[in-house]
Each structure stands twice: as C-alpha cells, then as structure tokens.
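Enquirer: attaching a predicted model along with its sequence, questions to come.
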Amino acid sequence: MDVFPIILVIHLLIAIGLVGVILLQRSEGGALGIGGGTGGGLMSGRAAGNLLTRTTGILATTFFVTSLALAIIANNRSTGASPFDAVPSAAPKVPAAPAEPAAPLAR
C-alpha cells in the first residue's frame with residue numbers, strides 16, 4: 001500500500017487549516033487578520049489568543065513533520081538519476097583538436 005497520497009492529502013488539509021488559523025488571529029498591523037472581534041462572548045480575548053497560538057504551533061509542527069515525511073518518501077521512490085541526465089546536450093561529444101600555435105608577427 002502506498003502511503004504517499006494519504007500523507008499528501010493530510011499535508012494539504014493541514015496547510016489549509018494553518019492558513020485559516022493564521023487569518024483568524026488578531027491583526028496588530030491592521031492587515032489581513034479577520035478575527036479582531038470579541039468572539040461573541042464565548043471566550044475572552046486572551047483565551048482565544050492562547051488557543052489560536054497553540055493551534056498554530058501544533059499545525060505548524062505537523063506541517064513540518066508531513067513535509068519531511070513527503071520528502072523522505074519522494075527521495076526513496078526516485079531512481080537516483082537526475083532528470084537532467086535525459087536532456088541531450090548541445091555540446092559536441094568529441095573535444096576539438098587544439099589549433100596549431102601561430103608564428104609571431106614581425107614589426
């Protein structure tokens with residue numbers, strides 16, 4: 001069974017979740033943060049900030065781990081040859097013979 005597609009789907013879901021959690025955080029620079037409200041009285045601002053910070057850290061860690069897992073799996077699946085080995089080169093295969101030295105010019 002190939003686990004590469006499963007880890008890839010998990011990785012993409014984590015990336016989407018990470019973007020969402022980052023956008024929910026309170027913006028201090030007035031840029032893209034959309035979670036600047038009070039949260040509807042459900043949590044205090046400090047508790048919501050701590051929850052979002054912890055969630056961001058967990059998602060970032062799992063994103064890093066899945067990135068490493070995907071890189072290791074992709075490295076083990078490869079044939080070891082570079083994809084550039086198959087590209088034909090424009091350089092001649094046989095080196096050209098060196099030219100004979102020219103005689104010095106008299107003045």
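Expert: Yep, that arrived.
Enquirer: please work out the average pLDDT along stretch 22-39.
Expert: Stretch 22-39 shows a mean pLDDT of 62.
Enquirer: then stretch 58-72?
Expert: The average pLDDT within stretch 58-72 is 95.
Enquirer: roughly how far does residue 63 sit from residue 106?
Expert: 75 Å (Cβ to Cβ, to the nearest Å). Every C-beta, even on glycine, is put in place using the N, C-alpha and C of the backbone.
Enquirer: which one's more surrounded, the two?
Expert: With neighbours defined as other Cβ atoms under 10 Å, residue 63 and residue 106 compare such that residue 63 has more, 16 against 4.
Enquirer: quick one, strands of this protein?
Expert: Assigned by DSSP state E, the chain shows no strands.
Enquirer: quick check: longest helix of it.
Expert: As assigned by DSSP state H, the longest helix anywhere in the chain is helix 45-77.
Enquirer: buried ones in it?
Expert: Across helix 45-77, burial judged by 16 or more other Cβ atoms under 10 Å covers 48, 52, 55-56, 59, 63, 66, 69.
Enquirer: okay, residue 102: pLDDT?
Expert: 80.
Enquirer: for it, give me phi and psi.
Expert: Note on residue 102: its backbone torsions stand at phi -80, psi 150 [degrees, to the nearest 10].
Enquirer: how near is it to residue 74?
Expert: For residue 102, the distance to residue 74 - Cβ to Cβ - is 55 Å.
Enquirer: so residue 51 versus residue 58, what's the distance?
Expert: 11 Å.
Enquirer: quick one: residue 74 from residue 66, how far?
Expert: From residue 74 to residue 66 the distance is 12 Å (Cβ to Cβ).
Enquirer: repeat for residue 55
Expert: From residue 55 over to residue 66 (counting by Cβ to Cβ), the distance is 16 Å.
Enquirer: swap in residue 60?
Expert: 11 Å.
Enquirer: any shared contact partners between those two?
Expert: Residues touching both residue 60 and residue 66 (Cβ atoms under 8 Å, 6 or more residues apart in numbering): none.
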